[in-house]
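Asks: take this sequence and fold it.
(chains A and B)
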There are 2 protein chains.
Amino acid sequence: MKHILTPMILAAALVALPASADESTILDPAIKAQAEALMAAGLKDDVGLEFTESLTTEIGPRLAGSDAEWRARQWAMVKLKDLNFQQAYIEDFNIPYWERVTETASVAGDNPQNLAITALGGSKSTAKGGIEAEVVRFTSLADLKAAPADALKGRIAFIDERMVRAQDGSGYGYAVAKRGGCAQAAADLGAVACLIRSVGTDSHRMPHTGGMSREGALGALPAAALATPDADQLARLLERGAVKVKLNIQVKAADSAASGNVIAEVEGASLKDEIVLIACHLDSWDLGTGAIDDAAGCGIVVAAAKLIQDLPLKPKRTIRVVLYGSEEVGLYGGKAYGEAHADELESHVLVAESDFGAGRVWRLTTGFGDGAMAYAKAMQVLVAPLGIVPGDNSSKGASDVSVLGNLGVPAISPDQEGTDYFDLHHTPDDTFDKIDPAAFRQNVATYAALTYLAAETGWDFRKAAKPEMTDR
Amino acid sequence: MKHILTPMILAAALVALPASADESTILDPAIKAQAEALMAAGLKDDVGLEFTESLTTEIGPRLAGSDAEWRARQWAMVKLKDLNFQQAYIEDFNIPYWERVTETASVAGDNPQNLAITALGGSKSTAKGGIEAEVVRFTSLADLKAAPADALKGRIAFIDERMVRAQDGSGYGYAVAKRGGCAQAAADLGAVACLIRSVGTDSHRMPHTGGMSREGALGALPAAALATPDADQLARLLERGAVKVKLNIQVKAADSAASGNVIAEVEGASLKDEIVLIACHLDSWDLGTGAIDDAAGCGIVVAAAKLIQDLPLKPKRTIRVVLYGSEEVGLYGGKAYGEAHADELESHVLVAESDFGAGRVWRLTTGFGDGAMAYAKAMQVLVAPLGIVPGDNSSKGASDVSVLGNLGVPAISPDQEGTDYFDLHHTPDDTFDKIDPAAFRQNVATYAALTYLAAETGWDFRKAAKPEMTDR
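Replies: Numbers count the residues shown, from 1 in each chain, chains lettered A, B, ... in the order given. As a prediction, the model looks like this:
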């Protein structure tokens, strides 16, 4: 982490932590009381749920770069102005565009039966009318990569690897590798297509889509995910002998399509050039209405900012709410924001993104300078009454804001309960009814309190621990 | 219930219950011991699960009258012969045929979005390319029927009624009325199509198909079920104003298609003309692989019969296992059997059908003559160690065998735990992975014990209570 002593940082340093302070003394009682009042208000909030309901109902699915995503931006501008945010604007950018047109699969032969699949984002089209080829099963991406040179020539690779269910969603990082890598690895071995067991933890006939590795709009091969029961079925059929599958995937792709980030602000009272950025993403996959991924995140951060906006006295720093575009297809919104704001990274004092559903926050993870750990502790103590335990200091921020986190901007991750998140993630089942209002409101309370605290204290979350000591 | 004193009945009367006997004395200890041994064997059975796995994997969906149902009959004949049943044969019949070809729906207008629907069995096709019409919401079939004469002219009726979740599935009887009646009631009011909230208890984007009232292959209108989240979505949109829906349903129908019942027998040792009939249905809806509806039922009754078949001494009466065809589209198999065997109803001493999934049996309901209640009690006491409580005496038998039950043939219903049954029923999600092996085996144990008992005791379940008294 590299610090430049800008005027903002110097200003922040004025209220910096004395070396001996602990969390019980560093938090001004008036700020603490206001943050607690915001928590209480968050637990009764309706703005966030209404925002989420409206987005998922009136716009529905919001594929990156699509007309629907454009409509979502216009919708958001109207909503944010209706909520009286002082500023609301759009920052445009372009992305490579991909959409599914048709996708079907069936077991060929004497006992034909349909398989529930969905194309992965970036899948190529098969030949018109589809292809028919023998399936070769692998238990992992590594297993596929280790296959002999000609094992897949003219065949379909099938990576039949299960995902582990975990509260923190930690099974995803491992499981998603097969989604990203199957097509290229299979193509390298002469395969004509790639199938994967869905990256998901459910047992419904809801295949999970998601992006695959690609340059531009398209990846290496036609590629699709099988629903869990269909992966089971294909595996059982393969135990009985050779299986041919008919696969027909037709997609549309384009080099460039319009996307954008929608931004609203609560202008800071005295340190308005210092930015506390809270975020979500406005786009969704096309199968569901993107309720948990990520309309809920948008509802949470908008509601949190709105609670602060409505205070009689605005906090010192500016609160910037960013509804990123085109997150799902490669963090395009996060990258565009990072590029557009490259010169003002130091103005960003803290970032956070809600992009893991609407489950209750169970842990607060920080990503602060070593000298700012008392601030982390103070935040964790503040939200402990919401049932939130302290996490470690490894956060880079979720999703789009990780672009900033990885450039050294301090981040927090209010980690959400995600045991069931990958039952719904990227499936048609990601709909508004899946949101638990009480858990959702606990998120609003958490974001409202922590955002206020970061904006009002003026704390420097980058603060290095005794640099004169550690620099020896 | 009308009795004719045939030789079989007279024979059965030889072992009839003394007026003073109770369940502790009427059951021969040797029979009881054998039944208990069968229960123990049932709890360890693999035959039934393997049968179910094979049917759902190798054949998959088995729509009534389809090629797949034909293949299922051939498959069953091979399996039943492999299991060494003394007899296995097919009784053919014909049914009106219906199948879905395509089915799509979307909200029309400025914010188009897809709705997850599935055509109801018997739905007519819309015009090619689909129709677009305004939706009128009703909260029940009665509400629709009470609409003013022109309220639906050129419009789409939408019955938005929720189903109640219940252990015994008792919410179904009420909920299914809208599925049967919507199209005709809507047509009577000039509507162009009918939509219903799925008859189901889940919250997945899995619309539930099922039959609708019809003469022959087709009902009155194009008709489809919305998945629960899509019914929610449509209701929310209707709260905001008028909604037009585009609906495209294309179906194929024919006056006649081949179906059939597959029958296997364990021939009785001394009363071989007396039949204990245990049943299931071999057909399924086309969306899933028909695992809980009703491959599981077939696995259960076949496994139960197989356990008895493998005894060193066959029981006195014949055990007939009937795998009915075309149950889903109107109990055609049950009716065909009833007609083909109209002259031998009195030979059927007891009937039962397993057609409510693979949940554990929690209650044993009987449908016996008033004089046979001690037999009911004896059966209930026998299976109590399996965790089964006594039910009342209202059973007519489930599904196909209710045709016989309604003609006075004694029946039992080993009632299955069905709290979650309508989460899966008639959806793509009805797949083999949903079956709990332990609960399935408890069913095998129950059917094995009760079937053996009915076949070996020679009890007359029709027995009337003191007719000379009650006839006064």
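Asks: CA only for contacts and neighbour counts going forward, please
Replies: Fine.
Asks: and the longest strand anywhere in chain A, what does it pack against?
Replies: Longest strand in chain A, counting residues (DSSP state E): strand A:244-266. Judged by 3 or more CA pairs under 8 Å, 6 or more residues apart in numbering or on different chains; DSSP states H and E, the packing partners of strand A:244-266 are helix A:67-82, strand A:87-107, strand A:131-138, helix A:296-309, strand A:317-324, helix A:332-340.
Asks: now mean neighbour count and distance to residue B:412 too, for these, in CSV please.
Replies: Below are the helices and strands packed on strand A:244-266 laid out as CSV (neighbours: other CA atoms under 10 Å in any protein chain shown; distance: least, CA to CA, whole Å):
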stretch, mean neighbour count, distance to residue B:412
helix A:67-82, 18, 56
strand A:87-107, 19, 40
strand A:131-138, 20, 46
helix A:296-309, 28, 50
strand A:317-324, 28, 61
helix A:332-340, 21, 63
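Asks: closest to chain B out of these?
Replies: Among the helices and strands packed on strand A:244-266, the nearest to chain B by CA to the nearest CA is helix A:67-82 (7.4 Å).
Asks: orientation of the closest one relative to strand A:244-266 in degrees?
Replies: 20 degrees (axes from the mean of the first three to the mean of the last three CA atoms, to 10 degrees).
Asks: helix A:67-82 and chain B in contact?
Replies: Yes. For helix A:67-82, a contact with chain B is found by CA under 8 Å from any CA of the partner chain, at A:68, A:71.
Asks: next one: residue A:91 from residue A:323, what distance?
Replies: For residue A:91, the distance to residue A:323 (CA to CA, to the nearest Å) stands at 10 Å.
Asks: what's the overlap in contacts for those two?
Replies: Applying CA atoms under 8 Å, 6 or more residues apart in numbering or on different chains, one finds that residue A:91 and residue A:323 are jointly contacted by A:261, A:262, A:263.
Asks: can you select the buried ones from the residues you listed in PyMOL?
Replies: Under the burial definition 16 or more other CA atoms under 10 Å in any protein chain shown, those of the shared contacts of residue A:91 and residue A:323 that qualify are selected in PyMOL by:
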select buried, chain A and resi 261+262+263
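Asks: can I get the shared contacts of residue A:91 and residue A:323 in a markdown table with pLDDT?
Replies: Listed next are the shared contacts of residue A:91 and residue A:323 as a markdown table, based on pLDDT from 0 to 100:
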| residue | pLDDT |
| --- | --- |
| A:261 | 98 |
| A:262 | 98 |
| A:263 | 98 |
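Asks: could the shared contacts of residue A:91 and residue A:323 be laid out in a markdown table, adding distance to residue B:164?
Replies: Formatted as a markdown table, the shared contacts of residue A:91 and residue A:323 follow (distance: CA to CA, whole Å):
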| residue | distance to residue B:164 |
| --- | --- |
| A:261 | 43 |
| A:262 | 42 |
| A:263 | 44 |
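Asks: got any ranges where the stretch 1-150 of chain A has weak pLDDT?
Replies: Under the criterion pLDDT under 70, the flagged ranges of the stretch 1-150 of chain A are A:1-24.
Asks: which residues of it lie near chain B?
Replies: A:57, A:58, A:59, A:60, A:61, A:68, A:71, A:111, A:112, A:113.
Asks: quick check: which element contains the fifth one?
Replies: For residue A:61, there is no helix or strand it lies in under DSSP states H and E.
Asks: which residues are in contact with it?
Replies: A:68, A:283, A:284, A:285, A:286, A:287, A:288, A:289, A:290, B:113.
Asks: let's see which of these end up in strands.
Replies: residue B:113.
Asks: now, the most widely separated pair of the contacts of residue A:61?
Replies: Spatially, the most separated pair among the contacts of residue A:61 is A:283 and B:113, at 14.6 Å (CA to CA).
Asks: helix, strand or coil: sort out the residue lying closest to residue A:41 once chain neighbours are set aside for me.
Replies: Excluding the flanking residues, the one nearest residue A:41 by CA to CA, 6 or more residues apart in numbering or on different chains is residue A:445, at 7.0 Å. At residue A:445 the chain is in helix, as set by DSSP: H, G, I helix; E, B strand; the rest coil.
Asks: report the contact partners of residue A:445.
Replies: Here residue A:445 is in contact with A:38, A:39, A:40, A:41, A:42, A:43, A:304 (CA under 8 Å, 6+ apart).
Asks: ok, and the closest non-adjacent residue to the second one?
Replies: What it means is residue A:39. The nearest residue in space to residue A:39 (CA to CA, 6+ apart) is residue A:445, at 4.2 Å.
Asks: so what's that neighbour scoring on pLDDT?
Replies: Per-residue pLDDT puts residue A:445 at 98.
Asks: I'd like to know how far it sits from residue A:387.
Replies: Taken as CA to CA, the span from residue A:445 to residue A:387 is 12 Å.
Asks: repeat for residue A:78
Replies: Taking CA to CA, one finds residue A:78 at 35 Å from residue A:387.
Asks: can you say which helix or strand has the residue nearest to residue A:451 when sequence neighbours are not counted in it?
Replies: Leaving aside its sequence neighbours, residue A:451 sits nearest to residue A:276 (CA to CA, 6+ apart; 6.9 Å). Secondary structure from DSSP H and E places residue A:276 in strand A:271-281.
Asks: touching that strand from outside, list them.
Replies: With CA under 8 Å, 6+ apart, strand A:271-281 has contacts from A:8, A:268, A:293-295, A:297-298, A:301, A:316-327, A:347-355, A:400-401, A:451, A:454-455.
Asks: assign residue A:205 to helix, strand or coil.
Replies: Following three-state DSSP, we place residue A:205 in the coil state.
Asks: that one: how many residues sit nearby?
Replies: 26 (other CA atoms under 10 Å in any protein chain shown).
Asks: and what of residue A:367?
Replies: So residue A:367, with other CA under 10 Å, has 25 neighbours.
Asks: next: residue A:167.
Replies: For residue A:167, using other CA under 10 Å, the count is 14.
Asks: so it touches residue A:417, yeah?
Replies: Yes. Using CA atoms under 8 Å, residue A:167 is in contact with residue A:417, at 5.6 Å.
Asks: shared neighbours of those two, anything?
Replies: Listed contacts common to residue A:167 and residue A:417 are nil; contacts here mean CA under 8 Å, 6+ apart.
Asks: pLDDT score for residue A:464?
Replies: For residue A:464, pLDDT reads 88.
Asks: circling back to that earlier point, in helices, which of the contacts of residue A:61 appear?
Replies: residue A:68 (DSSP state H).
Asks: with distance to residue B:122 added, can I get the contacts of residue A:61 in JSON lines?
Replies: Shown next, in JSON lines, are these (distance: CA to CA, whole Å):
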{"residue": "A:68", "distance to residue B:122": "35"}
{"residue": "A:283", "distance to residue B:122": "39"}
{"residue": "A:284", "distance to residue B:122": "36"}
{"residue": "A:285", "distance to residue B:122": "34"}
{"residue": "A:286", "distance to residue B:122": "31"}
{"residue": "A:287", "distance to residue B:122": "28"}
{"residue": "A:288", "distance to residue B:122": "28"}
{"residue": "A:289", "distance to residue B:122": "30"}
{"residue": "A:290", "distance to residue B:122": "33"}
{"residue": "B:113", "distance to residue B:122": "26"}
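Asks: quick check, nearest of the contacts of residue A:61 to residue A:26?
Replies: residue A:283 (39.2 Å).
Asks: for the closest one, give me phi and psi.
Replies: Here is the backbone geometry of residue A:283 (degrees, to the nearest 10): phi -80, psi 160.
Asks: and for it, the neighbour number?
Replies: Neighbours around residue A:283, by other CA under 10 Å: 33.
Asks: quick check: residue A:104 touching residue A:117?
Replies: Yes. Counting by CA under 8 Å, residue A:104 does reach residue A:117; the two are 6.6 Å apart.
Asks: before we move on, back to that, quick one, which of the helices and strands packed on strand A:244-266 gets closest to residue A:239.
Replies: When those are compared by CA to CA, strand A:131-138 sits nearest residue A:239, at 10.1 Å.
Asks: list the buried residues in the helix or strand following that closest one.
Replies: Later in the chain than strand A:131-138, the nearest helix or strand by DSSP H and E is helix A:141-145. For helix A:141-145, the buried set under the neighbour-count rule, 16+ other CA under 10 Å, comprises A:141, A:144, A:145.
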